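Visitor: Sharing a model prediction with you, sequence too.
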Amino acid sequence: MAAKKKSVKDHNGLHRKLVELWNRGQSKFCEVRGSEIHGRGVYATCFIPKETQIIEYVGELVEKEESGRRGISQHAKSLKTGDAAVYIFTLSRKYDIDGNVPWNTARLINHSCAPNCEAWIVGRKIFIHSLTDINAGDELTFDYGFDVDCYEDHPCLCGKEGCVGYIVSRSQWADLEVRLRAKTVKK
Ligand SMILES: C[S@@+](CC[C@H](N)C(=O)[O-])C[C@H]1O[C@@H](n2cnc3c(N)ncnc32)[C@H](O)[C@@H]1O
Ligand SMILES: [Zn+2]
């Protein structure tokens with residue numbers, strides 16, 4: 001049986017949707033370059049004033065149960081290949097965003113202990129905002145907010161003065177300090 005041919009109108013509609021999807025993950029304020037922190041990073045293409053909405057963290061809206069499964073599989077892949085990562089972003093009590101799609105430029109933003117950006121949740125969307133003025137050529141970074149319980153799995157290479165040595169949420173730095181001190185005493 002012959003397959004039904006797609007009309008030119010269908011084809012163009014699909015093409016337009018793909019372009020729209022791609023564009024949502026891009027921004028005039030930033031671009032991807034090799035990073036001194038890790039792998040690829042995202043860099044300012046121009047001066048970005050404080051409190052600017054820079055780029056959307058786009059991806060698939062997934063329920064917690066599914067995002068838990070995907071997080072485990074992305075983590076296992078990262079341990080095996082050493083270059084992948086976990087791209088699940090917490091959205092609400094019910095949903096997360098899986099940003100593991102190539103048009104999601106913001107997925108390549110690295111962590112820093114002195115970040116110049118932060119993630120804002122607006123409804124069911126996530127946007128990266130500048131916390132400070134950012135100069136053209138500066139790498140964009142935010143606090144990944146990782147839990148202190150798994151600090152040893154995530155050494156931090158942000159290179160900032162005051163780097164705590166691990167990718168841990170700033171809100172848990174006091175706890176991290178206690179744990180690191182206890183480890184030194186044991187030795
Ligand atoms: C979502 S990716 C960020 C993009 C990553 N640089 C890349 O090229 O794929 C997150 C991973 O990047 C690395 N990373 C991000 N920030 C880092 C930092 N401050 N120090 C060390 N590694 C970092 C870690 O391996 C982390 O799991
Ligand atoms: Zn650091």
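Guide: Thanks, I have the structure now. Note that the coordinates shown come from a computational prediction; the quantities given were computed from them, not determined experimentally. Residues are numbered from 1 along each chain as shown. Ligands and ions are numbered 1, 2, ... in the order given.

Visitor: can you tell me which residues contact the most centrally placed residue in the chain?
Guide: Centroid-nearest residue in the chain: Arg107, 3.8 Å away (criterion: CA atoms, centre = their mean). With contacts defined as CB atoms under 8 Å, 6 or more residues apart in numbering, Arg107 is in contact with Tyr57, Gly59, Tyr87, Gly99, Asn100, Val101. From N, CA and C alone the C-beta is placed, and that goes for glycine too.

Visitor: Go ahead and confirm the fourth one touches Tyr57.
Guide: Yes - contact status for Gly99 versus Tyr57: in contact at 5.6 Å, counting by CB atoms under 8 Å.

Visitor: which residues are common contacts for these two?
Guide: Phe89, Ala106, Arg107.

Visitor: And for Ile48, nearest residue in space, chain neighbours not counted?
Guide: Using CB to CB, 6 or more residues apart in numbering and skipping residues adjacent in sequence, the residue nearest Ile48 is Ile134, 4.2 Å away.

Visitor: Selection in PyMOL covering whichever of the contacts of Arg107 are buried, please.
Guide: Typed into PyMOL, the line below selects the buried ones among the contacts of Arg107, using 16 or more other CB atoms under 10 Å:
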select buried, resi 57+59+87+99+100
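
Visitor: To be precise, which single item in the contacts of Arg107 has the lowest pLDDT?
Guide: Among the contacts of Arg107, Tyr87 carries the weakest pLDDT, at 89.

Visitor: what about that residue, distance to Leu180?
Guide: Distance from Tyr87 to Leu180, counting by CB to CB, to the nearest Å: 28 Å.

Visitor: Arg16 too?
Guide: In terms of CB to CB, Arg16 sits 53 Å off from Leu180.

Visitor: repeat for Gln53
Guide: Where Leu180 is concerned, Gln53 sits at a distance of 36 Å (CB to CB).

Visitor: so Leu61 bridges to which residues?
Guide: When assigned by DSSP bridges, Leu61 has beta-bridge partners Ile97.

Visitor: When Arg16 and Leu180 are compared, which one has more neighbours?
Guide: Neighbour tally, Arg16 and Leu180, criterion other CB atoms under 10 Å: the higher count belongs to Leu180, 14 against 10.
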